[in-house]
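In: predicted model and sequence below, questions to follow.
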Amino acid sequence: MNSPQPTFSFELFPPKTPEGLTKLSVSIDQMNAVGPEYFSVTYGAGGSTRDCTFAALDLLLAKGIAAAPHLACIGSSRDQIRAILDRYRAQGIRRLVALRGDLPSGMGLGAAGDFRYANELVSFIRQETGDHFRLEVAAYPEVHPQAANADQDLANFQRKVEAGADAAITQYFYNADAYFAFVDRCAARGIQIPIQPGIMPITNFSQLARFSDACGAEIPRWLRKRLEALGDDIEAIRALGHEVVLNLCRRLLEGGAPGLHFYSMNQAGPVLRLWRDLRLPGAEGL
Ligand code: FAD
């Protein structure tokens, strides 16, 4: 069901300051040296990071690197989304990550805009731009935190596929079985698109625990306990995190995952260590 050639990509978030952008430029050069398929750039729902996302994309495009902007629809009108699609088309962008997004706190439901769910965005993009963009959507092997239940979440994932998604990137997870079970359940429903595992390196336990609570990703108890025991020993946390995530990546690739999408958090070091130890294409110079 999955494409035979695995692909590897990096995700960035858009810095808010010119100094942040300068630092990002250095990280991009380091990561780009291994030849990823593309870099994706996140986007704050309601347009909250729009100009910063544009700036990070412009930086990638100026370097001649394939860029895939994320586009979150909640809080936006059709006209606003259309204007962004026009801009991306004019820039020669061919890949998007189409999302609902979460409204920033403080933006009430009244600001929900013209789209309720990501499947509506996927339909809209197809209607407006045909097959111009390759569309990636989000998938949740451990179930989206707002889903009524796992079956409905899967049915909602299928809506995005039927609306025209070409591929999916998962929320991060540390339990390979959750991924394989999700892929099997998709196959049983006839969902054929590649489902790329999203890989989050472990470098800072308290930050990861906060993120994970918010997005519904589970840190297994044994891992949480081992990380907690390391207290503030950053080096030891990084070493354990590297070993655990490396083993996860190996299992995923051996089990047939169609590649990996690394959540770089704009830091080249942790993702390039994984790249090197996985001996992915381009790792020779690391
Ligand atoms: P949807 O697919 O719309 O699902 C949202 C919820 O609604 C789920 O519980 C689903 O089961 C339910 N649902 C879906 N469709 C329907 C329907 N038709 N009827 C009833 N219920 C439905 N957020 C950002 O703001 N910016 C980003 O750049 C960003 N990048 C991300 C990248 C990846 C790879 C991932 C996995 C997530 C990313 N997110 C980002 C977070 C994402 O926006 C949130 O998880 C958000 O809550 C859901 O977005 P979605 O596109 O998965 O929504």
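Out: It's in. Numbering: from 1, shown residues only.
In: which SSE is A236 in?
Out: Using DSSP states H and E, A236 falls within helix 234-254.
In: pull out the buried positions in that helix.
Out: Neighbour-count burial for helix 234-254, with 16 or more other CB atoms under 10 Å as criterion, is recorded at I237, R238, L240, G241, H242, V244, V245, L246, L248, C249, L252, L253. Placement of C-beta: from N, CA and C, glycine included.
In: for those residues, which one is nearest the ligand?
Out: Using CB to the nearest ligand atom, L252 is the member of the buried residues of helix 234-254 that lies nearest the ligand, at 15.1 Å.
In: which residues touch the nearest residue to that closest one once chain neighbours are set aside?
Out: Using CB to CB, 6 or more residues apart in numbering and skipping the chain neighbours, the partner closest in space to L252 is P197 (5.1 Å). When contacts are counted by CB atoms under 8 Å, 6 or more residues apart in numbering, P197 touches T170, F173, Y179, L252, A257, L260, H261.
In: let's have these in CSV, adding distance to M31.
Out: What follows is the contacts of P197, written out as CSV (distance: CB to CB, whole Å):
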residue, distance to M31
T170, 20
F173, 22
Y179, 23
L252, 20
A257, 20
L260, 13
H261, 13
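In: backbone torsions only: list them for A83.
Out: phi -60, psi -40 (degrees, to the nearest 10).
In: next one: it from S76, what distance?
Out: 10 Å (CB to CB, to the nearest Å).
In: which of the two has more residues huddled nearby?
Out: Neighbours per residue (other CB atoms under 10 Å) separate A83 from S76, with S76 holding more: 24 against 12.
In: and the strands in the stretch 151-286 of the chain?
Out: With DSSP state E, counting those that start in this stretch as the criterion, the stretch 151-286 of the chain has strands at 167-170, 195-196, 198-199, 259-263.
In: among these, which is nearest the ligand?
Out: Per CB to the nearest ligand atom, nearest to the ligand of the strands of the stretch 151-286 of the chain: strand 167-170, 3.8 Å.
In: the closest one pairs with which strands, parallel or anti?
Out: If you go by DSSP bridges, strand 167-170 pairs up with strand 134-139 (parallel), strand 195-196 (parallel).
In: got the CA positions of it in CSV?
Out: Only the C-alpha atoms of strand 167-170 are listed here, as CSV (Å, rounded to 0.1, in the frame of the first residue of the first chain):
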residue,chain,number,x,y,z
ALA,A,167,-0.7,11.5,2.1
ALA,A,168,-0.8,12.0,5.9
ILE,A,169,1.7,12.9,8.6
THR,A,170,1.0,11.6,12.1
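In: just for the stretch 1-150 of the chain, where's the confidence low?
Out: 1-4, 104, 106-111 (pLDDT under 70).
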